[in-house]
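# Fold the following.
(2 chains)
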Protein chains: 2
Amino acid sequence: MPKISQKGFEMPSSPIRKLVPFAEKAIRMGRKVYPLNIGQPDIKTPKIALEAIRNIDIKILEYSHSAGIESYRIKLAKYYQKHHIQVNSSEIIVTTGGSEALLFAIGSIADPGDEIIIPEPFYANYNAFAIASGAKVVPVISRIEENFALPPIADFEKLITPQTRAILICNPSNPTGYLYAKQELKILAEICIKHDLFLIVDEVYREFVYDGCVHHSILSLGNIDQHAIVVDSVSKRYSMCGARIGCLISKNKEFMATALKFAQARLSPPTLAQIASEAALDTPDSYFEEVNKEYTLRRNTLIEGLQKIDGVKVAVPNGAFYCIAELPIDNADAFAQWLLEDFQLDGETVMVAPAAGFYATPNTGLNQIRIAYVLKIEDLKRSVDILKIAIPAYQEYLSKK
Amino acid sequence: MPKISQKGFEMPSSPIRKLVPFAEKAIRMGRKVYPLNIGQPDIKTPKIALEAIRNIDIKILEYSHSAGIESYRIKLAKYYQKHHIQVNSSEIIVTTGGSEALLFAIGSIADPGDEIIIPEPFYANYNAFAIASGAKVVPVISRIEENFALPPIADFEKLITPQTRAILICNPSNPTGYLYAKQELKILAEICIKHDLFLIVDEVYREFVYDGCVHHSILSLGNIDQHAIVVDSVSKRYSMCGARIGCLISKNKEFMATALKFAQARLSPPTLAQIASEAALDTPDSYFEEVNKEYTLRRNTLIEGLQKIDGVKVAVPNGAFYCIAELPIDNADAFAQWLLEDFQLDGETVMVAPAAGFYATPNTGLNQIRIAYVLKIEDLKRSVDILKIAIPAYQEYLSKK
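Numbers count the residues shown, from 1 in each chain, chains lettered A, B, ... in the order given. Okay, here's the model as predicted:
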């Protein structure tokens, strides 16, 4: 039999999807499962985007420019300018989701053996994209006790080697919900300039910040322009996860010319979804105000509910729509599976993502889970109720085993 | 300044796009340019596919399954069964174009330093996907004198090393138009079984075969099931290049489980385009009959025209919609640029793809060009007329320089 690659073996199974077969089985058995595991919002896609698709007037579904449809890039640049990011259309490459933007970014800067430092817990697929490129993720731990704030700069410097090519953060963060302060970004910028590293910032949750907080794009800082690479996506902003449209933004011309070669190799991003994404740029501000009001309520419902459960510790998120909760349980992985296989509260249960999959350091975050608050208030309330009963029930189950 | 990766430097610029800036300049100067460089067909997308998009009835544009929408995969399996490829939906992973299928295939089987043998000239992006994965393309030359048929098996065996992981072919071939005979596929299958290699076959031009020839899928041979990986795409079949929907097909479960991890990392292929692609499967046979009649005429027009030009040698293609022509000119790259910068016939010129970019061996194919016959008959006739005047004009221009 021909051999699978080593990188194929190393490629992680998705921590948000590994329990899906158990959930499917539970559903087949007539159980209701609240999906708290995946960031697929239930928020409606802006009508204006779907209308653009319904009104499509083409005879041939052609390739677009490899960097994306020009009119879309021009309009995108205006969107960024509105968000205090001074870029023009030539500093944007439209990608197939934020995923492809990450793949192009890592491929353009890292060779086999090169290292990228990422505060953990982090979006698990960063590791997958690094492995696909032959690069290596070097984690620096951030702590639930500190709300997952930026780790001390000394912790980063200890990890920098001649192989280090970049620091990568997600702001606001999936999976922690942490929103980086401007001062933290400045510190990161300084260390990247000092050590000649790229600073890749995944800003796909830019719009989702709460309690009057302000999101600062790394590209609004100014002095780090040659080092900064921003990854973005329409998936969460417009609840258009299935569009698979994102982009890569940088003012570093050499980097962009290289990323464009990766983009040309795959010919173009999806045309239909670009048309929808261009139309989505006209979404009125009221849409985001409503969505943020809803997410603020959801976050409050979830966090307040979790805080009332004995032994649960939770970091309060200021952005995105995830939180990490520490449970009074040693193995959240086994617990999450048990929730689907052996537990029900009046025929209902929840699917959560075990957080260990978001850490690169082995045996870390074993007692943590990630919860996405993408369900409506009553479902979140019910989910918290389920967890409140399930946690002591699981402890009892273990004690009897 | 932070550094670009070595692979970023090695990533080839697209041979079909490198002349685009010159063409754009020519067009700005009021010249008409016939684009013979790129395989973007002018054939209309089946109405049934575009109608499915116009009738889309969703409120949220959601992620699909990472392997693709299930109903689409089930229907796809039926399409393959109709083409004598006995696969089921679990042996298919829907990808973002054939491009992503290639990237997943190479990533799943090759580590940095591993080698993939490909008959040259080949689709230039195979090299790009190999570089992105850290793998290396090892070319085995096929010759215009032999119509670019399969090179002798001894030529392959000479190149097999402990690092060899796969042989990759395109059938029918872009850029040569060569359709592999069943016997050639059997020979390739044998060598792959003997040396425990994967055989990756890009079959995206399956429907485009002429003169009553029959396309044989590698998956219809039977004995090579554990070694065979098929790459497919809707781009050419339904003139839906902009959909960016392809797929990966294999009966090797370990390979498919690995490829699925790559697929999960990027979450899902584009949802809208999958809906269009599923609808496209109901395209009536008459569509393909008409399209093939048209391409046969175009091929005949182009090839007969080229054969009448003094000093031009051309391989007669039995499939796809490309041909490689050898010109009585030393440097086709310079000629192609000159066509756009310095030549016109009544205000018109052509853009061709220099073929050297389709060879991995340095200084090979320098006097060859690739022509895509994706334009209507009258435009192809005119293009041949332009080349007929341009070639001696360029020879004269060179002799005076």
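
# Quickly list the domain ranges of chain A.
Split into domains by automatic domain parsing, chain A comes to A:6-44+A:286-399, A:47-280.

# Pick the most deeply packed of the ones you listed.
domain A:47-280 (a mean of 21; mean count of other Cβ atoms under 10 Å in any protein chain shown). Any C-beta I mention is one placed from the backbone N, CA and C, and that applies to glycine too.

# circling back: go through the domains of chain A and name the closest to residue B:176.
domain A:47-280 (19.6 Å; Cβ to Cβ).

# I'd like the mean pLDDT over the helix or strand hosting residue A:93, please.
For residue A:93, the host element (DSSP states H and E) is strand A:92-95. Mean pLDDT, computed over strand A:92-95, is 98.

# Within the sheet, what are the partner strands of it, with directions?
Using DSSP bridges, the strands paired with strand A:92-95 are strand A:246-250 (antiparallel).

# wait, isn't residue A:189 in contact with residue A:219?
No - look at residue A:189 against residue A:219 with Cβ atoms under 8 Å: they stay out of range, at 10.7 Å.

# okay, and the common contacts of these two?
Counting by Cβ atoms under 8 Å, 6 or more residues apart in numbering or on different chains, the shared contacts of residue A:189 and residue A:219 are residue A:228.

# Which pLDDT value goes with the residue most central in space within chain A?
Geometric centre of chain A, nearest residue: residue A:174, 4.3 Å, by Cα atoms, centre = their mean. Residue A:174 carries a pLDDT score of 96 in this model.

# any idea how far the closest residue to it other than its chain neighbours is from residue B:77?
For residue A:174, ignoring the flanking residues on the chain, the nearest one in space by Cβ to Cβ, 6 or more residues apart in numbering or on different chains is residue A:123 at 5.0 Å. Residue A:123 sits 33 Å away from residue B:77, taking Cβ to Cβ, to the nearest Å as the criterion.

# and what of residue A:195?
Remark: distance between residue A:195 and residue B:77 (Cβ to Cβ) = 52 Å.

# Would stretch A:59-69 count as contacting chain B?
Yes - using Cβ under 8 Å from any Cβ of the partner chain, stretch A:59-69 comes into contact with chain B via A:59, A:60, A:61, A:62, A:63, A:64, A:66.

# contacting residues for residue A:292?
Per Cβ under 8 Å, 6+ apart, neighbours of residue A:292: A:207, A:208, A:209, A:210.

# got it, and residue A:281?
Residues near residue A:281 by Cβ under 8 Å, 6+ apart: A:75, A:76, A:78, A:79.

# right, and the domains of chain A - which one's nearest residue B:250?
Closest of the domains of chain A to residue B:250 is domain A:6-44+A:286-399, at 13.0 Å (criterion: Cβ to Cβ).

# pLDDT on the closest one, on average?
Mean predicted lDDT for domain A:6-44+A:286-399 stands at 94.

# May I have the distance across it, first residue to last?
Separation of the first and last residues of domain A:6-44+A:286-399 by Cα to Cα, to the nearest Å is 40 Å.

# With stretch A:33-50 instead?
In stretch A:33-50, first residue to last residue: 29 Å (Cα to Cα).

# same thing with stretch A:65-74?
Length of stretch A:65-74, first residue to last, Cα to Cα: 13 Å.

# Using the three-state scheme, assign the residue of the stretch 301-401 of chain A found nearest chain B.
The stretch 301-401 of chain A approaches chain B most closely through residue A:374 (10.8 Å), counting by Cβ to the nearest Cβ. Under DSSP: H, G, I helix; E, B strand; the rest coil, residue A:374 falls in the coil class.

# can you pull out the helices in the stretch 101-250 of chain A?
Residue ranges of the helices in the stretch 101-250 of chain A, as given by DSSP state H, counting those that start in this stretch, are A:125-132, A:153-159, A:182-195.

# got a markdown table for the domains of chain A, with distance to residue B:44 too?
Formatted as a markdown table, the domains of chain A follow (distance: least, Cβ to Cβ, whole Å):
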| stretch | distance to residue B:44 |
| --- | --- |
| domain A:6-44+A:286-399 | 33 |
| domain A:47-280 | 5 |
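
# what's the closest of the ones you listed to residue B:320?
Across the domains of chain A, residue B:320 has its closest neighbour in domain A:47-280 (16.1 Å, Cβ to Cβ).

# What is the end-to-end distance of the closest one?
End-to-end distance for domain A:47-280: 8 Å, by Cα to Cα.

# got the contacts of residue A:281 as JSON lines, with secondary structure columns?
Conversion of the contacts of residue A:281 to JSON lines gives the following (three-state DSSP):
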{"residue": "A:75", "secondary structure": "helix"}
{"residue": "A:76", "secondary structure": "helix"}
{"residue": "A:78", "secondary structure": "helix"}
{"residue": "A:79", "secondary structure": "helix"}
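
# Return the residues of the stretch 151-300 of chain A in contact with chain B.
A:165-166, A:192, A:196-198, A:226-227, A:239-244, A:252, A:254-255, A:258, A:261-262, A:264-273, A:276.

# ok, back up a step: mind putting the helices of the stretch 101-250 of chain A in CSV, mean pLDDT included?
Below are the helices of the stretch 101-250 of chain A laid out as CSV (pLDDT from 0 to 100):
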stretch, mean pLDDT
helix A:125-132, 96
helix A:153-159, 97
helix A:182-195, 97
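
# before we move on, back to that, find the nearest non-adjacent residue to the residue of the stretch 301-401 of chain A closest to chain B, please.
Distance criterion Cβ to Cβ, 6+ apart; nearest residue to residue A:374, sequence neighbours excluded, is residue A:41 at 4.5 Å.

# wait, doesn't the one you found sit right on residue A:236?
Yes - counting by Cβ under 8 Å, residue A:41 touches residue A:236, with 6.7 Å between them.

# picking that back up, who's in contact with the residue nearest to residue A:174?
With Cβ under 8 Å, 6+ apart, residue A:123 has these contacts: A:170, A:174, A:175, A:202, A:358.

# follow-up on the earlier one: which one of the contacts of residue A:281 is nearest to residue B:140?
For those, the residue nearest residue B:140 by Cβ to Cβ is residue A:76; the value is 43.8 Å.

# residue contacts, that closest one?
A:89, A:92, A:94, A:247, A:281 are the contacts of residue A:76 under Cβ under 8 Å, 6+ apart.
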